[in-house]
Structures are given as C-alpha cells and as structure tokens.
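S.K.: model this:
(chains A and B, ligands or ions: 1)
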Amino acid sequence: MQDKNCHPRPSEGNDKSMIVAALTGNPNSGKTTVFNNLTGARQHVGNWPGVTVEKKEGVSKYDSKEFTVVDLPGTYSVTAYSIEEMIVRNFISQERPDVVVDVVDASNLERNLYLFSQLIELGRPVILALNMMDEATKKGIAIDTQLLSTLLGSPVVPMVAVKNRGTEELKMAIIESVERGEQFREIKVNYGKEIEEEIEKIEEALKQNIEYSPILKQHNTRWLAIKALEGDEHVLRELRKHFGEESGILKKIESSVRHIESIYKQDIESVIVDYRYGFISGVVREAVKRERKEYESRSDKIDNILTNRILGLPFFALFMWLMFFSTFYLGKFPARWIEILIGYVADGISNLITSPHWIRSLLVDGIVGGVGSVIVFVPQIFIMFLFISIIEDSGYMARAAFIMDRLMHWLGLHGKSFIPMIMGFGCNVPAVMATRTLESERDRKLTILINPLVSCTARLPVYALFTAAFFAANQGTVTFSIYMLGIILAVLMAKLFRRFLFPGESEPFVMELPPYRFPTLKSTFIHMWERGSMFLRKAGTVILAGSMIMWILAYMPPGAGYGSSKSLAGRIGHFLQPVVKPLGFDWQAVVALIFGFVAKELVVSAYGTLFGVGEDKTAIIARIQGNFTPLSAYAFMAFTLLYTPCLATVAVIRKETGSWKWAVFAVVYQLILAWLVAFLIYQIGLLFTRGG
Amino acid sequence: MGDSHLIPLAFMMSGESGTLREIRGIRHHGPIDPVVTRAKRTIRRPSRRHLLTQDKGPRMEHRLKSMGFLPGTRIKMIKNDPGTPLIVGIGDCRVCIGRGIAMRVMVEKD
Ligand SMILES: Nc1nc2c(ncn2[C@@H]2O[C@H](COP(=O)(O)OP(=O)(O)O)[C@@H](O)[C@H]2O)c(=O)[nH]1
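M.R.: A predicted model of the protein is given here:
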C-alpha cells in the first residue's frame, strides 16, 4: 500500500494530521486487551469532558503510518439511558472518527452484534474485530468470516487478543479502510415497510430544516429519525430545542409513532429493537455454524464451588484475608528497603548542603520528611491494587457481587453495590466512578455516600505509624479493627440513609457473569500500574506541595522555633484545638488533620515535617508517643478513617452526583460521624482506664 | 395466545431449560390502550419518564434485551438457590438476575 501514501484520501475531514480510530465493544469482549495490543505503552489516560468516565487514547503504527486510537467505554447498546452510551454515540457523531472498530466476542456473536447494528446507523464506517476466536473454536462455533463480512458490509478481522493474534491485520484493516474509503457496502437494518416509510418522511422533514442547527447537522438524518421514533430522550430534546415544542416535525413524529404502534399493537421501542435482532439472527444463521453440544463449561464447574450457597462466602472471606495479609505482611519487606534508601538520601542531602540552614531544612524536613514518609507505602499500595486487579480481571468481581447480594439486600441495596466497596479498599475515587453500573440513581447515591467509609490505601500510612507507636505487639489486629469499624459504620449509615434519605426498594438487577479467565500477567500489571501510579503521581504533586506548605507553616515566623507552638502551624493548631480536646487530641493533631483534608497520607507527612525529624521513623514514633496515649491514638485513627473524604473523592462525588449538595453532605456527615465516634471511643475508654 | 403454559423465569428449577417468550413490563398491564398514552408521553413530556420511578419498564426491558433476553431465545436455569439471585444461561453466557425482575420474564418450559 506504500504507493497510496501520496494519494489524497477521500471523504471529508481528512486534512487533519492523523487517522482516528475509535474502539468500541461490549464489556468483557477484550476491548482493553485489543487497545493495549494496538497502542502498547503509548497511552494517555484522561477523562471525558464533563464526566469522570476514563478516556484512554493511544498511538498505533502500521507500516510507518501512525494513527490515533481512542478507547470508548464498553457498552451493550447506544441508547440515551446511560452516560457511557451517550459518550459513545456523541463521540462517533460529533468527532467523526475515520473508522469505528467494534470489538466483539466471537463466542457470543449474536448478542455482541446488537451494538454493531446500532453503530452502523451512526454513519461512520465500522470494522468488526472478531475477538476470542479461540473460545469460539473451543465451543464448537465456526464462523465464515468472509460471508459475515459480506452480510454486514464491513471488514471482519478474526483475532485472539490475549495471544496478540490479529493485531497487525486489524491495523491494516484500519489503514486500508481509510485510504481506500469505499470498501464499505452500505448495509442497514431494514425496519419493515411501515416504519421505513415513516423514517423516510421524518428524514425529509429534517433535511429541510436541519441546516440551521449545528448539533443536529452533525448527525446522520436516518439515525435521528430512528432515534426520534424510538423516543430517545436526548434526540427529542434537541429537536424540541431547535424546532420548538409545537412544531410540525414533532407532531409528525408523534403521529408516526401512533401509526406504527397501532399497526404492531406494541410499543415502538420494542418493535424497533426486535427488527434489529431480526437482522442479527438472519446474519448469524447464515454465517455461523455451531455443533450444539451440551457440556458443563469450566466456568460452571468453578462456579459450583465459588458461588455455592455454603462455600461461597468462606472462599470470599479467605480471598479477602489473603489480600490483606499480603498487603500488610509481605509489603513490609520492600517497604523497609525503601525506608533505608530514603535514609541515605536524607543523609546525603544533609552532608552535601550545610548552609543556608533554611534550604537544608526545607529539603530534609519538608520534602524528604513529608514525601518520604508516604513513599514508603508504595509497595503495600501496589500489592493492594494488584489483588483488586486480579479480582476484576479474573471475573471474580461479579461473583463477589453475587455472593454478597443477600447481605446487601438487608441494607436495601443489591449485590452490584458491593463492587465499589471492594474497589474502595484501593482508592475511593475509582470506586465512586464504578457506581455507574448501578441503574438506579437512588441506589447509586447511597452507594457513593457510604463508600468513603471503606478504608482506602491512602489511610494505611496513618494506621501503620500509629499502630507501630502504640500497639507494636498486635499491629495486625488493631489495623483490622479499624477496617472493620469502617465497614460496620458503612452498614449502619446505609441503613440510616435508606430509611431517611432514599426510602423504598432497591431496583431489580441484572448483571453479566463473565466466564472465569486466568488473568494474564501483562493485563493485570498494566491495570495495577494504572491505579498504583496515580499514587506515585500524587506523591510527586499534592503531597510534595502539601509538605512544602506544611514546612512553611512550621518554619514561620523566623525565630519562632521550628514546629513550636509559636510557629504559624502552632497558632492554627492552638486556635482549633478546643474542638477536638474532648477527643484527646493536641494541637499538632489538629494541624495534621487539616492537611489530611487534601489527601489522607498528608496526616503522616505533616507529622514528618512538623517534628522536623526527616523520614526517621523511630524519631517520629518517639514524638508521637509523647503526644498521645494508646487510647487517644486509637481515637485518632478512627477519626482519620471517618472524617471527610479526601479532596479528590469530594470532587468525584460532586461530578458523579451532579451537584455540590451531595459532596457537601458527604463532608459534613462524615465530620460529625468522626467526631462522635472518636468522642465515644475516648470518653468511654477513659472511664475504663480511670476505673481500672 | 393462552398464557397458561408460560411460567416466570424465577419458578424454573436449577437445570431446567425452556424458551423465553415475553418480558412483561408494567405498561403491558391494564385495559388502557398503551399505544396512545405512551406516544403522548414520549413526545410531549419525555422527561416525565425519567421522573416516574415506577416506569422502569422500557429501560429495564431494553437492558434485558441487549443482554440477550429475547423472545425465542433458549434459556437454562443454572442456579436457583433460595436466598440468592438466579444464574441463568443464555447460550454460553451466564447472567445473574434478581428475583423480582425474573418474575416478569415469562418462559415456556420444555
Ligand atoms: N480466551 C481469550 N481471552 C481473551 C481474549 N481477549 C481478551 N481476553 C480476556 O478476556 C478478559 C477481558 O478482557 P478485557 O480486555 O479486560 O475486556 P474489556 O472488558 O472488553 O475491556 C481478560 O481476562 C482477557 O485476558 C481472547 O482473544 N481470547
């Protein structure tokens, strides 16, 4: 194809520098794997504008030609019912990628083609990436890809993404389809004579008027007409906005709907959906041959044990235990190495830079002390994310939701709400985003509000420091009790909120149980790295900045004595201390907690900086032992667990719920809860210690 | 079409199989002509649909269909244990479905 390089590419919009391919597909079709194969390490992760759905982009290369790959969210269809689906269709209609790649699971072709049938209506060329061919073969499904390609009017590329097979062919199909332009025969779903007539009429009416509407003009008129007939809220809203509430075109749509529904004696949405399936089963009947064999699949065998009524729960508990054990115990070894390394760095800096004193103090106390005290936890945080990635990639996550369904029902939620809870052990930000899979708004809000009570990895440094100082003998048990406290309170708050804020039953639920797959090393590590590296970035930015501000507050005004009561930090702390006095906290705790608002690790950094003892853990521990009793230390850990979600979580709550109201509510209720719980722990504890 | 031979999905026992016949939504019930009322609601005040928490019918039905619950599909009950959701097999897919919604999926047992 080299000689075609210099040919101008056909069709509009090609003066942009690079070809853009958009990747779509059902969840679990292997889309992420295909994306990683195409782009390798050249990825960029961001968010879709306005919403917090992850947006991944990467660059791929075929035959010295580079093109951009945009990863769209995985969906089953493109209705207006969910944000993910809106993103997919808006991107395709408005950004007009050169080509859309639909990744489908070949072993479940019929269901996967539903999305395809809708994608072709959006008016961009679609390539079918027929993934999981190995699974299909194993199940005795034979697909005539040539015939399939003809029937669908689109190129079909068979693939086995986990083995990186078909990647080059896919790249070639992408490049060729753009350069050759018209290798797509226009195939459309035929909706039967009556509906097609109405579609045509609406299209006519639209075409006359649409010139003046930039938004409507971006869309294919046939697609707009079909969506209008289907009663798509978003399209109707745009039409109403453009033509006015009482316009002829809306009346026309209304009468078309009535006409069709009176013929079919069924609501129009179902009629249209059934036609799409009619089209699909026609295609599948011709191109797919399967030897029907009834067999118990490997997944079903595993499920017999893992989702067993009696064994399911103990297995899940065992797995969770393994996750925490590995995080806390195994993670300690690499943590110690890092600690030693940071010690060398601090000594090095101290020896190298002796004056002026303030620069040395900023570097050693401020930066190494603040950032270093948190960096130590990187291995443990990565281990935690590794386990969460394994749960997600193996297909076990959906089973955990299944197992916990009964318990979650007691809270007025259902099993799916449990998935964000598990993810919360890693970080509450992706956990809050994961609530998107919940269909009901009320269930979602409730799940979001209790999520920050699940202790994330950022709070780990605080527990580690305080348990080392006060409960050295049974660190594990004490940390575990704090985690349990968070879970118990999440349960109680869920019951409370369900009762008073979101009364009523939870929505019925449907969830796919993907087949068990042995997670590949590569995908699991990429997954873990994506999440874990956020923490590293945080250490380099927020924590670094926080530590420096903390250092200024401790150092200023000059001559006050570093970190003394007379320093700025000291004055702020003393001012607010009366509020937390009943909890047994001193002024330094107040300062640390203020910083913890931004990110909870900063509680530890703040201590590191405030005491001006660098990263030297034993020195920090000694100072903390002077400031707390075991009782107030426990109250402090509970307070850190519960008080206010960190800034990033507040922001994501605001975005996901669409209003500040719930974000502010989350902060306020958690502050109150934290104060009450710490108060009870400390005061009741005092009674006992005094009595004894 | 007599409905007597149809049973809700939730009543199938583990290991039994059958053919999915229809999904019963709220709007299929009652004597009101659903055609006109829905057309009006759809065009004039589509936002109502969002507000009416009762009317989960279309959304749920669409979701079920896009996950493979289509009239005419072969369906197998993989697991129906008391107290847990159901696991059903549609082709080679396994879908976990709440008991409430499974009462609305009507199946013709083999
Ligand atoms: N057997 C098989 N497994 C695959 C193939 N492609 C992806 N997978 C696995 O399917 C699972 C889901 O893949 P992923 O890319 O995360 O799917 P996504 O949800 O569509 O992004 C992972 O465990 C992959 O390793 C394939 O071609 N064959």
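S.K.: from here on, contacts and neighbour counts on C-alpha atoms
M.R.: Will do.
S.K.: so if we follow the domain assignment, how does chain A break up?
M.R.: In terms of domains, chain A is parsed into A:16-187, A:193-290, A:314-503+A:531-691 (source: automatic domain parsing).
S.K.: show the average pLDDT along the last one.
M.R.: By that I understand domain A:314-503+A:531-691. Averaged across domain A:314-503+A:531-691, the pLDDT comes to 84.
S.K.: do it and the ligand meet?
M.R.: Yes. Using CA under 6 Å from any ligand atom, we find that domain A:314-503+A:531-691 touches the ligand at A:Asp393, A:Ser394.
S.K.: residues of chain A that sit close to chain B?
M.R.: In this structure, chain A approaches chain B at residues A:76-77, A:81, A:107-108, A:111, A:114, A:231, A:233, A:236, A:245, A:250, A:253-254, A:257-258, A:261-262, A:265-267, A:269-270, A:309, A:402-403, A:405-406, A:508-515, judged by CA under 8 Å from any CA of the partner chain.
S.K.: circling back to that earlier point, just put the domains of chain A in CSV and tack on mean neighbour count and distance to B:Thr84.
M.R.: Below are the domains of chain A laid out as CSV (neighbours: other CA atoms under 10 Å in any protein chain shown; distance: least, CA to CA, whole Å):
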stretch, mean neighbour count, distance to B:Thr84
domain A:16-187, 20, 24
domain A:193-290, 18, 30
domain A:314-503+A:531-691, 20, 6
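S.K.: would you list these in CSV and tack on distance to A:Phe525?
M.R.: Shown next, in CSV, are the domains of chain A (distance: least, CA to CA, whole Å):
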stretch, distance to A:Phe525
domain A:16-187, 12
domain A:193-290, 35
domain A:314-503+A:531-691, 7
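S.K.: closest to B:Val107 out of those?
M.R.: B:Val107 lies closest, by CA to CA, to one member of the domains of chain A: domain A:193-290, at 17.7 Å.
S.K.: okay, how far is it across the closest one, tip to tip?
M.R.: Length of domain A:193-290, first residue to last, CA to CA, to the nearest Å: 32 Å.
S.K.: what segments of chain B are strands?
M.R.: Per DSSP state E, chain B carries strands over the ranges B:6-8, B:17-23, B:74-79, B:86-90, B:93-97, B:105-109.
S.K.: among the ones you listed, which comes closest to A:Gly412?
M.R.: Evaluated over the strands of chain B, closeness to A:Gly412 peaks at strand B:93-97, with 16.5 Å, by CA to CA.
S.K.: which ones are touching B:Phe11?
M.R.: The contact partners of B:Phe11, taken as CA atoms under 8 Å, 6 or more residues apart in numbering or on different chains, are B:Met103.
S.K.: is A:Thr145 in contact with A:Pro158, as I believe?
M.R.: Yes. In terms of CA atoms under 8 Å, A:Thr145 counts as a neighbour of A:Pro158; the distance is 7.5 Å.
S.K.: what helix or strand does the closest residue to the ligand within the stretch 551-692 of chain A sit in?
M.R.: For the stretch 551-692 of chain A and the ligand, the shortest gap (CA to the nearest ligand atom) falls at A:Glu656, measuring 21.4 Å. Assigned by DSSP states H and E, A:Glu656 belongs to helix A:647-657.
S.K.: after that helix, next one along is what?
M.R.: Downstream of helix A:647-657, the first helix or strand assigned by DSSP H and E is helix A:660-691.
S.K.: give the other helices and strands that that following helix contacts.
M.R.: helix A:630-642, helix A:647-657 (3 or more CA pairs under 8 Å, 6 or more residues apart in numbering or on different chains; DSSP states H and E).
S.K.: please identify which of those helices is closest to A:Trp529.
M.R.: If you check each of the helices and strands packed on helix A:660-691 against A:Trp529 by CA to CA, helix A:647-657 wins as the nearest, at 19.0 Å.
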